[in-house]
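Enquirer: Here's a sequence, model it:
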Amino acid sequence: MKKYKYNNVQNVRFYIQTFFSFLTIWIGIEFIFFISWLESNGMEAFSNRPPGVEAFLPISSLMSLLLFFKTGEIHPVHPAGLFIFVAILSVSFFFGKSFCSWICPIGFISEMIGDFGEKIQKKIFKRKIVLPKYIDYPLRSLKYLLLGFFAYAIIGMSAISLSKFLDAPYNIMSDVKMYYFFAKISQFSLIVIAVLFILSIIIRNFWCRYLCPYGALLGIFSLLSFNKIKRNTESCTDCGHCSVVCPSNIKVHKLKTVISDECVSCLKCIDACPISNTLDLRTTVGKKKFEKKYVGIAILTIYFAILGIAIITNNWQNNVSKEKYLELFPDINAFDHLKGSGY
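Expert: Down below sits the predicted model:
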């Protein structure tokens, strides 16, 4: 099969993905230092807890956003998570599920595993494996069922119930509990991760496509996106290059406008198109062309502008004191979100 050479838009996307991956590693290292301070019962030199770790607390962030809509108040326990969540949703409003293909470290890893898997598949089967629709569609519904479960459990909560949960020890220490889940990972969890890894080699983006509830939420938001990929049917030669490179298996060459909850706005299809001005990113209002070379800049600007607002308004660092962390840490294994939200 013919290989298509991408221009520097894919290079820029790779650099941005790499940047966020290293940023995540840096945040993780800082958090390990914070955990080490907790484990020493405050005897070691204090290391600040990095607020960026709250990016991995989407449920808490969703609850904080719902509380904000109900009361107009920003909950002080995980405020950075709220702003990161809003930044991700905002990026999705402008450029669809671009968070998945430009920012998300899990998406980056999944993409690399998918590339590796496709190379193996082409060597063995001379083509990449694509599940038939009657299997693909039911599997894709799984992530929406997971999203629906979380939405059902959270959206009906009152402001008082939300506040009680967000104030509870479980939520305060949720990032620390998350750390120990991976630091002391069980054999069962390792098996699950290994299975997902193998499935991701066989079926590209298995986790992202079928199981990630975050991706499901962004997929819904992407349908309302201000910018969409559009095809000029007059200049299009139906060569199919765009569809071949699409990581989401979208038949781009058969669509006038790509409206799909699976499109991650990676722009591979636009890069692969051999006819200029045939595939473009255009606004839904006014149909103006958005130059693809500015997409990365726009995504970073939107994302970090919102995080900047959090910092400027003193809503980045949480209000949990060092003393409170030291008080709660010895009982961390006793905290359970199912046992109520009281102290």
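
Enquirer: What values do phi and psi take at Lys184?
Expert: In terms of degrees, to the nearest 10, the main-chain angles of Lys184 are phi -120, psi 50.

Enquirer: what about it, distance to Met173?
Expert: Spatial separation of Lys184 from Met173 under the definition CB to CB, to the nearest Å is 15 Å. C-betas here are computed from N, CA, C, even on glycine.

Enquirer: Between these two, which has more neighbouring residues?
Expert: Each of Lys184 and Met173 has its neighbours counted (other CB atoms under 10 Å); Met173 has more, 22 against 8.

Enquirer: hang on, that one packs against Pro330?
Expert: No. Met173 is beyond contact range of Pro330, at 10.8 Å (criterion: CB atoms under 8 Å).

Enquirer: low-scoring pLDDT stretches of the stretch 1-150 of the chain, where are they?
Expert: By pLDDT under 70, the low-scoring segments of the stretch 1-150 of the chain are 1-7.

Enquirer: Flag every buried residue along the helix or strand containing Leu145.
Expert: Taking DSSP states H and E as the criterion, Leu145 maps to helix 133-155. Of the residues in helix 133-155, those scored as buried under the neighbour-count criterion (16 or more other CB atoms under 10 Å) are Asp136, Arg140, Lys143, Tyr144, Leu146, Leu147, Phe150, Ala151, Ile154.

Enquirer: Give the next helix or strand downstream of it.
Expert: If you walk from helix 133-155 toward the C-terminus, the next helix or strand you reach (DSSP H and E) is helix 159-167.

Enquirer: Only alpha carbons, please: show that following helix as CSV.
Expert: Extracted as CSV, the C-alpha positions of helix 159-167 are listed here (Å, rounded to 0.1, in the frame of the first residue of the first chain):
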residue,chain,number,x,y,z
ALA,A,159,-25.8,21.3,45.7
ILE,A,160,-25.7,20.1,49.3
SER,A,161,-24.9,16.5,48.3
LEU,A,162,-22.2,17.7,45.9
SER,A,163,-20.6,19.9,48.5
LYS,A,164,-20.6,17.1,51.1
PHE,A,165,-18.9,14.7,48.6
LEU,A,166,-16.4,17.3,47.5
ASP,A,167,-15.6,18.2,51.1
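
Enquirer: about what we covered before: any chance of CSV for the buried residues of helix 133-155, columns distance to Asn227?
Expert: Output for the buried residues of helix 133-155, formatted as CSV (distance: CB to CB, whole Å):
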residue, distance to Asn227
Asp136, 26
Arg140, 23
Lys143, 23
Tyr144, 23
Leu146, 27
Leu147, 23
Phe150, 28
Ala151, 26
Ile154, 29
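
Enquirer: Are we agreed that Phe304 is in a helix?
Expert: Yes. Checked against DSSP: H, G, I helix; E, B strand; the rest coil, Phe304 lies within a helix.

Enquirer: How about it: what's its closest non-neighbour residue?
Expert: Leaving aside its sequence neighbours, Phe304 sits nearest to Ala87 (CB to CB, 6 or more residues apart in numbering; 7.9 Å).

Enquirer: these two touch, right, that neighbour and Tyr303?
Expert: Yes. In this structure Ala87 lies within contact range of Tyr303 using CB under 8 Å: 4.8 Å.

Enquirer: If you count surrounding residues, which of those two has more?
Expert: The residue with the greater number of neighbours, taking Ala87 and Tyr303 and applying other CB under 10 Å, is Ala87; the counts read 23 against 20.

Enquirer: pLDDT weak spots in the stretch 201-343 of the chain?
Expert: Counting by pLDDT under 70, the low-confidence segments of the stretch 201-343 of the chain come to 337-343.

Enquirer: what do you get if the cut-off is 80, keeping everything else the same?
Expert: Applying pLDDT under 80 to the stretch 201-343 of the chain flags residues 285-287, 336-343.

Enquirer: What helices and strands are in contact with the helix or strand encompassing Ile113?
Expert: When elements are defined using DSSP H and E, Ile113 is found to belong to helix 105-124. With contacts defined as 3 or more CB pairs under 8 Å, 6 or more residues apart in numbering; DSSP states H and E, the secondary structure elements packing on helix 105-124 are helix 8-39, helix 187-202, helix 206-210.

Enquirer: So which of the ones you listed is nearest Ala168?
Expert: Ala168 lies closest to helix 8-39 among those, at 18.3 Å (CB to CB).

Enquirer: How about the closest one, which residues are buried there?
Expert: With burial defined by 16+ other CB under 10 Å, the residues of helix 8-39 counted as buried are 9-10, 12-13, 16-17, 20-21, 24, 27, 30-31, 34-35, 37-38.

Enquirer: Could you check how far that helix is from the centre of its chain?
Expert: Taking CA atoms, centre = their mean, to the nearest Å, one finds helix 8-39 lying 14 Å from the centre of the chain it belongs to.
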